[in-house]
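[1] Just the structure for this:
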Amino acid sequence: MIDLSLDAARTIVAKALATAREHGLKPMAVVVYDARGALKCVEVEDGTSLRRAEIACGKANGALALGLGTRALHARAEAQPYFIAAVSHVAGPAALVPVPGGVLVRSAEGRLLGAVGISGDTSDNDEICAVAGIEAAGLKAETGA
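    Now for the predicted structure:
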(Lines give C-alpha, C1' and ligand atoms only; values in the text may rest on other atoms or scores of the structure.)
Protein backbone atom coordinates (compact mmCIF):
# COMPACT_ATOMS: atom_id res chain seq x y z
CA MET A 1 0.00 0.00 0.00
CA ILE A 2 1.39 3.40 -0.99
CA ASP A 3 0.60 6.15 1.51
CA LEU A 4 0.92 9.89 1.13
CA SER A 5 4.63 10.48 1.64
CA LEU A 6 6.13 13.37 3.54
CA ASP A 7 7.90 14.43 0.34
CA ALA A 8 4.58 14.55 -1.51
CA ALA A 9 2.98 16.52 1.32
CA ARG A 10 5.86 19.02 1.26
CA THR A 11 5.53 19.37 -2.52
CA ILE A 12 1.81 20.04 -2.15
CA VAL A 13 2.40 22.77 0.42
CA ALA A 14 5.28 24.38 -1.48
CA LYS A 15 3.39 24.53 -4.78
CA ALA A 16 0.18 25.72 -3.12
CA LEU A 17 2.04 28.61 -1.49
CA ALA A 18 3.98 29.38 -4.69
CA THR A 19 0.68 29.52 -6.59
CA ALA A 20 -0.74 31.92 -4.02
CA ARG A 21 2.28 34.19 -4.42
CA GLU A 22 2.14 33.99 -8.26
CA HIS A 23 -1.49 35.18 -8.12
CA GLY A 24 -0.86 37.86 -5.50
CA LEU A 25 -3.26 36.28 -3.01
CA LYS A 26 -3.50 37.00 0.69
CA PRO A 27 -1.22 35.04 3.06
CA MET A 28 -2.20 31.38 3.31
CA ALA A 29 -2.32 28.53 5.77
CA VAL A 30 -1.96 25.07 4.22
CA VAL A 31 -2.42 21.71 5.93
CA VAL A 32 -2.04 18.20 4.55
CA TYR A 33 -3.49 15.11 6.22
CA ASP A 34 -3.00 11.49 5.22
CA ALA A 35 -5.96 9.16 4.65
CA ARG A 36 -6.20 8.19 8.32
CA GLY A 37 -6.41 11.86 9.34
CA ALA A 38 -2.87 12.25 10.66
CA LEU A 39 -1.23 15.62 10.06
CA LYS A 40 1.58 15.28 7.51
CA CYS A 41 2.58 18.87 6.85
CA VAL A 42 1.51 22.41 7.73
CA GLU A 43 2.79 25.86 6.85
CA VAL A 44 1.33 29.24 7.71
CA GLU A 45 2.63 32.30 5.91
CA ASP A 46 3.59 35.46 7.71
CA GLY A 47 0.68 37.86 7.92
CA THR A 48 -2.18 35.37 7.91
CA SER A 49 -5.16 36.41 9.95
CA LEU A 50 -5.93 34.70 13.22
CA ARG A 51 -7.31 31.13 13.03
CA ARG A 52 -6.50 30.53 9.35
CA ALA A 53 -4.68 27.30 10.22
CA GLU A 54 -7.71 26.05 12.17
CA ILE A 55 -9.98 26.89 9.25
CA ALA A 56 -7.66 25.02 6.88
CA CYS A 57 -7.75 22.04 9.26
CA GLY A 58 -11.55 22.17 9.30
CA LYS A 59 -11.66 22.10 5.51
CA ALA A 60 -9.31 19.10 5.27
CA ASN A 61 -10.98 17.25 8.15
CA GLY A 62 -14.44 17.83 6.69
CA ALA A 63 -13.38 16.49 3.32
CA LEU A 64 -11.89 13.37 4.91
CA ALA A 65 -14.78 12.81 7.32
CA LEU A 66 -17.42 12.83 4.61
CA GLY A 67 -15.33 11.64 1.68
CA LEU A 68 -16.13 14.70 -0.41
CA GLY A 69 -14.24 17.78 -1.44
CA THR A 70 -15.59 20.77 0.44
CA ARG A 71 -17.09 22.32 -2.70
CA ALA A 72 -19.60 19.45 -2.56
CA LEU A 73 -20.03 19.99 1.20
CA HIS A 74 -20.80 23.65 0.52
CA ALA A 75 -23.56 22.67 -1.92
CA ARG A 76 -24.87 20.16 0.60
CA ALA A 77 -24.85 22.81 3.35
CA GLU A 78 -27.06 25.00 1.17
CA ALA A 79 -29.42 22.13 0.29
CA GLN A 80 -29.40 20.33 3.67
CA PRO A 81 -28.31 22.78 6.37
CA TYR A 82 -29.60 20.57 9.20
CA PHE A 83 -27.46 17.66 8.03
CA ILE A 84 -24.28 19.76 7.94
CA ALA A 85 -25.15 21.28 11.33
CA ALA A 86 -25.59 17.78 12.77
CA VAL A 87 -22.32 16.53 11.31
CA SER A 88 -20.55 19.65 12.62
CA HIS A 89 -21.92 18.91 16.07
CA VAL A 90 -20.75 15.29 15.93
CA ALA A 91 -17.34 16.16 14.45
CA GLY A 92 -16.62 18.88 17.01
CA PRO A 93 -15.68 22.52 16.80
CA ALA A 94 -13.58 23.54 13.80
CA ALA A 95 -13.66 19.97 12.44
CA LEU A 96 -15.90 20.77 9.47
CA VAL A 97 -15.71 23.94 7.40
CA PRO A 98 -18.03 23.39 4.40
CA VAL A 99 -16.62 25.88 1.89
CA PRO A 100 -14.22 25.30 -1.02
CA GLY A 101 -10.58 24.84 -0.11
CA GLY A 102 -10.75 21.30 1.30
CA VAL A 103 -9.61 18.92 -1.44
CA LEU A 104 -9.23 15.16 -1.34
CA VAL A 105 -5.94 13.70 -2.55
CA ARG A 106 -6.14 10.54 -4.63
CA SER A 107 -3.60 8.29 -6.31
CA ALA A 108 -3.58 7.91 -10.08
CA GLU A 109 -5.74 4.79 -9.55
CA GLY A 110 -8.25 6.73 -7.45
CA ARG A 111 -7.28 5.48 -3.98
CA LEU A 112 -7.78 8.01 -1.20
CA LEU A 113 -4.41 9.22 0.12
CA GLY A 114 -5.46 12.22 2.21
CA ALA A 115 -6.74 15.78 2.07
CA VAL A 116 -5.47 19.32 1.77
CA GLY A 117 -7.04 22.30 3.49
CA ILE A 118 -6.17 25.88 2.63
CA SER A 119 -7.42 29.16 4.04
CA GLY A 120 -6.38 32.75 3.54
CA ASP A 121 -8.02 34.23 0.46
CA THR A 122 -11.42 33.58 -1.11
CA SER A 123 -12.54 29.98 -0.91
CA ASP A 124 -12.29 29.64 -4.70
CA ASN A 125 -8.70 30.92 -4.67
CA ASP A 126 -7.85 28.63 -1.75
CA GLU A 127 -9.11 25.68 -3.81
CA ILE A 128 -7.07 26.72 -6.88
CA CYS A 129 -3.91 26.65 -4.77
CA ALA A 130 -4.77 23.26 -3.27
CA VAL A 131 -5.34 21.73 -6.69
CA ALA A 132 -2.06 23.17 -8.02
CA GLY A 133 -0.18 21.63 -5.08
CA ILE A 134 -1.78 18.23 -5.43
CA GLU A 135 -1.15 18.10 -9.18
CA ALA A 136 2.48 19.19 -8.68
CA ALA A 137 2.93 16.08 -6.52
CA GLY A 138 1.67 13.94 -9.41
CA LEU A 139 -1.60 13.15 -7.64
CA LYS A 140 -5.28 13.69 -8.39
CA ALA A 141 -7.33 16.43 -6.75
CA GLU A 142 -11.02 15.91 -5.92
CA THR A 143 -12.69 19.23 -5.13
CA GLY A 144 -16.26 18.02 -5.00
CA ALA A 145 -17.27 19.93 -8.12
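[2] elements contacting the worst-scoring helix or strand of the chain on mean pLDDT?
    In the chain, no helix or strand scores lower on mean pLDDT, DSSP states H and E than helix 81-91, which sits at a mean of 83. Contact partners of helix 81-91 among helices and strands, from 3 or more Cβ pairs under 8 Å, 6 or more residues apart in numbering; DSSP states H and E: helix 52-66, helix 70-79. Bear in mind the C-beta positions are built from the backbone N, C-alpha and C, glycine included.
[3] Figure out which of those is closest to Gly144.
    Closest approach to Gly144 among these (Cβ to Cβ): helix 70-79, 2.9 Å.
[4] Name the residues that touch the closest one?
    59, 62-63, 66, 68, 83-84, 96-103, 123, 127, 143-145 (Cβ atoms under 8 Å, 6 or more residues apart in numbering).
[5] picking up where we left off before, now the least confident helix or strand of the chain against helix 70-79, angle please.
    120 degrees (axes from the mean of the first three to the mean of the last three Cα atoms, to 10 degrees).
[6] can you state the direction angle for helix 81-91 and helix 52-66?
    110 degrees.
[7] beta partners of Lys140?
    Here Lys140 sits in beta bridges with Arg106, going by DSSP bridges.
[8] show me the contacts for it.
    The neighbours of Lys140, taking Cβ under 8 Å, 6+ apart as the test, are Val105, Arg106, Ser107, Ala108, Gly110, Ile134.
[9] Much appreciated, bye for now.
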